[in-house]
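**Student:** Structure for the following, please:
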Amino acid sequence: MAKDPQATPLPEAHGARELPSVTVEGYSLQLRDKDGFVGDQASQTAFRQLLERWRQRRRRKGRDPLGGVHSKDLGKRELDEALGRTEASEASDLLHGAIEAFAQELAWVIERFLRQPSWSGVERIVIGGGFPGSDVGERAVLQAAAILQHMKVSVELARICHEPDDGGLLGWVHLVPPPLLKGHDAILALDIGGTNVRCGIVKLRRKRAPDLSKAKVVRREKWRHADERPSRTLLIDRLAEMLEAQIRYGRKKGIRLAPFIGIACPGLIRKDGSISRGAQNLPGDWDGDSFHLPSELCKRIPMIAGAPTMALMHNDAVVQGLSELPFMQDVKRWAVLTIGTGLGNASYTNKSK
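**Tutor:** As a prediction, the model looks like this:
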């Protein structure tokens with residue numbers, strides 16, 4: 001397929017593994033067992049399925065304390081409220097049981113990952129994604145850490161240190177080619193997940209912190225595309241509309257946007273910016289050589305601030321993990337797990353250690 005030259009002026013920039021201060025050792029790791037992919041057992045989807053099985057068993061004995069709504073449709077707030085009731089309740093007991101079972105699955109998945117060469121020697125795992133942002137998710141992560149300690153697995157689990165919705169945008173400050181930043185102080189970024197899309201403006205704020213630890217998402221829009229089930233074409237059109245809205249906002253506020261769009265997306269990203277596998281939760285066919293999202297967006301937004309647009313794509317877990325890079329300088333090997341619709345993963349080696 002002929003690519004738009006504006007989309008890929010640096011031919012091997014998509015999915016970059018070697019960065020100035022860190023090496024991406026691996027990502028989108030897929031391990032199989034007799035039941036399928038190992039990581040699928042520790043996703044938010046898996047937790048909802050597990051909770052539903054617990055509720056089905058309770059229904060056979062009587063009333064379901066969480067009501068008649070299917071577990072996949074229960075909001076995080078509803079689950080957190082049920083978990084946080086001070087008095088003993090059937091709903092709270094049920095949730096504690098499901099959390100314990102999920103924590104065991106998460107610990108088992110982590111132990112399996114740590115056996116892989118790309119995860120060898122990992123000292124700390126940052127947990128991101130939407131799930132840990134809830135009380136239920138936080139409890140599951142804490143219990144998984146305790147289980148790993150009991151298993152004598154020497155690894156630290158840490159929560160992502162900023163808003164989960166910001167991670168897949170903030171990480172792009174470590175991936176944008178420096179020449180594009182000359183005369184600019186902010187970038188556009190997209191974080192495309194199986195359920196939501198996030199689009200925002202990220203200010204680098206290098207004067208406050210040269211290591212980019214003070215980078216900030218100054219405006220963000222979130223769209224839950226899973227509710228609307230758009231076609232691939234409609235989704236791309238909406239992405240372009242979201243980006244154009246951010247550009248208008250930046251112009252109004254005097255934000256100097258670089259002619260750059262960072263795209264975080266599930267899957268294994270080829271050097272040319274196509275996706276080889278792992279995008280099955282996105283609408284339409286995203287895998288293979290016939291589709292190139294960076295080119296599609298550059299066709300719709302050919303110029304930013306009077307300069308040709310450059311769009312780069314990388315795996316969403318890699319980008320979310322890189323948002324933690326300034327805070328991982330006390331370890332040599334580290335990794336990220338993003339617990340969302342699926343389980344994203346990436347591992348890194350710091351070059352300065």
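**Student:** what does the domain assignment say about the protein?
**Tutor:** Here the domain parsing of the chain from automatic domain parsing is 32-159, 163-320.
**Student:** Just name the most buried of the ones you listed.
**Tutor:** Highest mean neighbour count among the domains of the chain (mean count of other Cβ atoms under 10 Å): domain 163-320, with a mean of 19. All C-beta spots, glycine's among them, are computed from the backbone N, C-alpha and C.
**Student:** how far does that domain stretch from start to finish?
**Tutor:** 11 Å (Cα to Cα, to the nearest Å).
**Student:** average model confidence for it?
**Tutor:** Averaged over domain 163-320, pLDDT sits at 91.
**Student:** How about stretch 24-33?
**Tutor:** Across stretch 24-33, the per-residue pLDDT values average to 86.
**Student:** List the buried residues in that stretch.
**Tutor:** For stretch 24-33, the neighbour count (16 or more other Cβ atoms under 10 Å) marks 24-29 as buried.
**Student:** Endpoint to endpoint, that stretch covers what distance?
**Tutor:** 25 Å.
**Student:** Might you calculate how far it sits from the centre of the chain?
**Tutor:** 15 Å (Cα atoms, centre = their mean, to the nearest Å).
**Student:** Surely R139 is in a helix?
**Tutor:** Yes: applying DSSP: H, G, I helix; E, B strand; the rest coil, one finds R139 inside a helix.
**Student:** OK, contacts around the closest residue to it other than its chain neighbours?
**Tutor:** Excluding the flanking residues, the one nearest R139 by Cβ to Cβ, 6 or more residues apart in numbering is I99, at 5.3 Å. Listed by Cβ atoms under 8 Å, 6 or more residues apart in numbering, the contact set of I99 reads 83, 136, 139-140, 143.
**Student:** helix, strand or coil for I99?
**Tutor:** Following three-state DSSP, the label given to I99 is helix.
**Student:** State the pLDDT value of it.
**Tutor:** Reading off the confidence values, I99 has pLDDT 94.
**Student:** for A145, same thing?
**Tutor:** Confidence for A145, expressed as pLDDT, is 96.
**Student:** Hmm, L157 and it touching each other?
**Tutor:** Yes: at 4.4 Å, A145 counts as touching L157 under the criterion of Cβ atoms under 8 Å.
**Student:** still on that earlier bit, and the domains of the chain: which comes nearest S352?
**Tutor:** domain 163-320 (10.8 Å; Cβ to Cβ).
**Student:** And the contacts of the strand or helix carrying I201?
**Tutor:** According to DSSP states H and E, I201 maps onto strand 197-203. For strand 197-203, the surrounding residues in contact (Cβ under 8 Å, 6+ apart) are 165-166, 168-170, 172-173, 185-191, 215-223, 225, 235, 238-239, 242-243, 245-246, 249-250, 255, 257.
**Student:** Stretch 18-26 now?
**Tutor:** By Cβ under 8 Å, 6+ apart, the list of residues contacting stretch 18-26 reads 16-17, 116, 118-119, 174-175, 318, 322, 325, 333, 346-352.
**Student:** now the end-to-end length of that stretch.
**Tutor:** From its first residue to its last, stretch 18-26 covers 11 Å (Cα to Cα).
**Student:** name the helices or strands packed onto the host helix or strand of G321?
**Tutor:** Assigned by DSSP H and E, G321 belongs to helix 316-322. The helices and strands touching helix 316-322, judged by 3 or more Cβ pairs under 8 Å, 6 or more residues apart in numbering; DSSP states H and E, are strand 22-27, strand 124-128, helix 164-170, strand 186-192, strand 257-265, strand 333-339, strand 343-350.
**Student:** returning to what we had before: between the contacts of I99, which is nearest N196?
**Tutor:** Closest approach between those and N196, by Cβ to Cβ: V136, at 18.1 Å.
**Student:** part of a strand, is that closest one?
**Tutor:** No: per three-state DSSP, V136 lies outside any strand segment and is helix.
**Student:** quick one on the thing from earlier: so which of the domains of the chain gets nearest T338?
**Tutor:** Ranking the domains of the chain by proximity to T338 (Cβ to Cβ) places domain 32-159 first, at 3.8 Å.
**Student:** Make TSV out of the helices and strands packed on helix 316-322 and add distance to D272.
**Tutor:** Below are the helices and strands packed on helix 316-322 laid out as TSV (distance: least, Cβ to Cβ, whole Å):
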stretch	distance to D272
strand 22-27	17
strand 124-128	27
helix 164-170	22
strand 186-192	18
strand 257-265	14
strand 333-339	24
strand 343-350	20
